[in-house]
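Trainee: With the input below, show me the fold.
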Amino acid sequence: MTCTYQEQPHGKNCDFPLLKEKTCYSALQEKGIANCQNSQVHKNELLKIRNPICVYYKKSITRWLQWFLGQQKIENEIENWAKIVTNLPYFQDIQQALAWKHMVWPVLSDEAPLKLVFSLFIDWFNPRGNKQAGKQESLGVILLKCLNLPPAMQNKPAYTLVHGIIPGPNTPNVTNISNILKPLVNELLWLKDGIEIET
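Mentor: I've put the predicted structure just below:
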């Protein structure tokens, strides 16, 4: 199985292999054959396993929102903070910005939609530590945080969505990062018209 991605419409397929084949000897070792590689073993007894070469972890925003808004205090915290922040005589929160106040929202049948806004954060780090010498690797993370929450809650890991973990060992180029972000952008475009979540 190979990759069918095309960088340009009607261009050549990537054709990079997606799976790596590995021979498993564990079943033979259970039968009492100590050194399978040196033994004369029938080919049919070898177990071939195919594993993905690279795995991209991605979490659905919609599913996370169902969990997030299902938490007891979240909806109240969002509504209470919106009331507090509107009456503040000084600037403390992004909700006081003109861009936030003049944001165009779809007309929904619901009397009190939450109108959630998220901040997107993407960064890479070396999972082996920040070493000058030695093996350099890069692992990426895509995070979303809800800006409707009070500032004290916004950055808490419990209320942060880990949308995706970008596998290493190298950082993606411009084309690759666009493809990685495409499912996220598509889901956000779908969500912008509003959805109904029971809380």
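
Trainee: mind listing the helices for the chain?
Mentor: Secondary structure of the chain by DSSP state H: the helices cover 26-30, 61-70, 74-86, 98-101, 151-154, 174-191.

Trainee: Now the longest one: buried residues?
Mentor: By neighbour count on 16 or more other Cβ atoms under 10 Å, the buried set for helix 174-191 is Ile180, Leu181, Leu184. Heads up, the C-betas are built off the backbone N, CA and C, glycines and all.

Trainee: What is the lowest-pLDDT residue among those residues?
Mentor: Taken together, those show their lowest pLDDT at Ile180, with 86.

Trainee: got the buried residues of helix 174-191 as TSV, with distance to Val55 columns?
Mentor: As requested, those are exported to TSV (distance: Cβ to Cβ, whole Å):
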residue	distance to Val55
Ile180	13
Leu181	17
Leu184	17
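
Trainee: for the helices of the chain, which one sits closest to Glu7?
Mentor: Among the helices of the chain, the nearest to Glu7 by Cβ to Cβ is helix 174-191 (6.0 Å).

Trainee: Remind me what the closest one packs against, helices and strands.
Mentor: helix 61-70, strand 139-146, strand 160-166 (3 or more Cβ pairs under 8 Å, 6 or more residues apart in numbering; DSSP states H and E).

Trainee: and for the first one, what are the contacting residues?
Mentor: Contact with helix 61-70 is made by 74-75, 114, 116, 144, 146, 159, 161, 163, 184, 187-188, 191, 195, 197, 199, as judged by Cβ atoms under 8 Å, 6 or more residues apart in numbering.

Trainee: And stretch 119-127, by the same measure?
Mentor: So stretch 119-127 is in contact with 136-145, 147, 166, 168, 171, 177, 184, going by Cβ under 8 Å, 6+ apart.

Trainee: Please apply the same query to stretch 140-156.
Mentor: 61, 68, 74, 77-78, 81-82, 92-95, 114-125, 159-168, 171-172, 180-181, 184.
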